[in-house]
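[1] Just to be clear, the model below is a prediction. Sequence and coordinates:
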Amino acid sequence: MRAGRVASSPGAGEADRSDPSEGLLARAKASPTAPATIVALIVGLVVTAALATASLALYENNEDRLLKLRARELSLVLAATLPTVQTPLASAAALADATHGSAVSFRTFIAPYVGPGRQFASASLWRVEPGPPIVMAAVGAPSRLALRPHAFDQF
């Protein structure tokens, strides 16, 4: 024997030169698949599909429940906030009605509620009859409605 060479059988050289994946495919084709393996694969796939479907149903149920909870929370916040907005405006309207649209009375009453960092950015008292609407008193920033006279038709 010479140094550096490995002795091999005559058929071993052919197997070394072939593609390794061909050997795996040939062995897989040659060995019969046991029925228990196929049954286990099908049962595994069915169980996985059932668990995925159940998980999706639970996820959608939780999302719906959380959405309903948020809607209820929002309605509670709005219900609690509405009187804080409605009360000063209703009182100002009642005062304007009682004083026959007195601009001084309206300004004096509504001024603490209007301005930067306060409840309202602006408030205005309008005379709507007879004729076109006219601003009787305004407090705070200019009213958007007063800046766009053509918007009265949409109002």
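    Ah, there it is. In this text, all values refer to a predicted model and were calculated from it rather than measured experimentally.
[2] Enumerate the positions of stretch 111-127 that are buried.
    By 16 or more other CB atoms under 10 Å, the buried positions in stretch 111-127 come out as 113-114, 122-126. Heads up, the C-betas are built off the backbone N, CA and C, glycines and all.
[3] With pLDDT and distance to Lys68 added, can I get those in TSV?
    Shown next, in TSV, are the buried residues of stretch 111-127 (pLDDT from 0 to 100; distance: CB to CB, whole Å):
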residue	pLDDT	distance to Lys68
Tyr113	91	35
Val114	90	37
Ser122	89	37
Ala123	90	36
Ser124	89	39
Leu125	89	41
Trp126	86	41
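[4] name the element the residue minimising distance to the centre of the chain belongs to?
    Central residue of the chain (CA atoms, centre = their mean): Leu67, 9.6 Å from the mean position. Secondary structure assignment for Leu67, by DSSP states H and E: helix 35-98.
[5] if we can go back for a sec, okay if I get the buried residues of stretch 111-127 as JSON lines plus distance to His100 and secondary structure?
    Formatted as JSON lines, those follow (distance: CB to CB, whole Å; DSSP: H, G, I helix; E, B strand; the rest coil):
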{"residue": "Tyr113", "distance to His100": "22", "secondary structure": "helix"}
{"residue": "Val114", "distance to His100": "22", "secondary structure": "strand"}
{"residue": "Ser122", "distance to His100": "23", "secondary structure": "strand"}
{"residue": "Ala123", "distance to His100": "18", "secondary structure": "strand"}
{"residue": "Ser124", "distance to His100": "17", "secondary structure": "strand"}
{"residue": "Leu125", "distance to His100": "11", "secondary structure": "strand"}
{"residue": "Trp126", "distance to His100": "14", "secondary structure": "strand"}
